[in-house]
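> sequence first, then the predicted structure:
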Amino acid sequence: MITALTIHNRQRARSIDTRHLAKIIRTVTDKLLQSETVELGIYLVGSARITLLNESFLGHAGPTDVITFPYTDSRIVPKLWGEVFVCVPEAVEQSRNFRTSWQKEVVRYIIHGVLHLLGYDDHSKPDRARMKRAENRLVAQVAARFDLGLIERKPGRKGPAARKPLDPQPPKRP
């Protein structure tokens, strides 16, 4: 059960329906991963912010897709607690490379970050393969439950978000 979920939209590359995104995240954490205690902050950011975080905390130059900050060791304390920073412009760019929607990439990055909070690692080839399998499985499960073309609103319209159809291609395997 999520005890605390916050979503902060700090980017302007795309309009995002954070209420719908929150439903997706709750489904991932509560139903699919069956996490009991969750304190999760999701930050949707632009290229400048993710670059600053990447350089300051990881020592890597330039932007990246997702950065996760765990606040506990999930192997010791059974708690999903941390922050996930997702670069929306990077999702837009990568969606072209992988022939999918930018919305599905945003969801994939959030799932990737949550898996890191649960102790998954992607530094070695076997760990990366294990994490990618879990990520693909969760993205497929979420896509079966939700319209992942979810997030863009039509300009000038108030009310529910305009839905775009999902990319019909299954997730790619490593």
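That came through, no problem. Here the structure is a predicted model, which is why all the values come from computation and not from measurement.
> just the strands from the chain, written as ranges.
2-10, 38-45, 66-70, 80-87 (DSSP state E).
> in the protein, where is pLDDT below threshold?
Within the chain, the segments meeting pLDDT under 70 span 1-2, 74-78, 150-174.
> determine the longest helix present in it.
helix 125-145 (DSSP state H).
> just to revisit the earlier point, Ala129 is nearest to which of the strands of the chain?
strand 66-70 (18.2 Å; C-beta to C-beta). No exception for glycine: its C-beta is placed from N, CA and C like everyone else's.
> got the CA positions of that closest one in PDB?
What follows is strand 66-70 as a C-alpha-only set of coordinates in PDB (Å, rounded to 0.1, in the frame of the first residue of the first chain):
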ATOM      1  CA  VAL A  66      16.300   8.300 -15.300                       C
ATOM      2  CA  ILE A  67      18.100   8.700 -12.000                       C
ATOM      3  CA  THR A  68      17.000   7.100  -8.800                       C
ATOM      4  CA  PHE A  69      17.800   8.100  -5.200                       C
ATOM      5  CA  PRO A  70      17.100   5.300  -2.700                       C
END
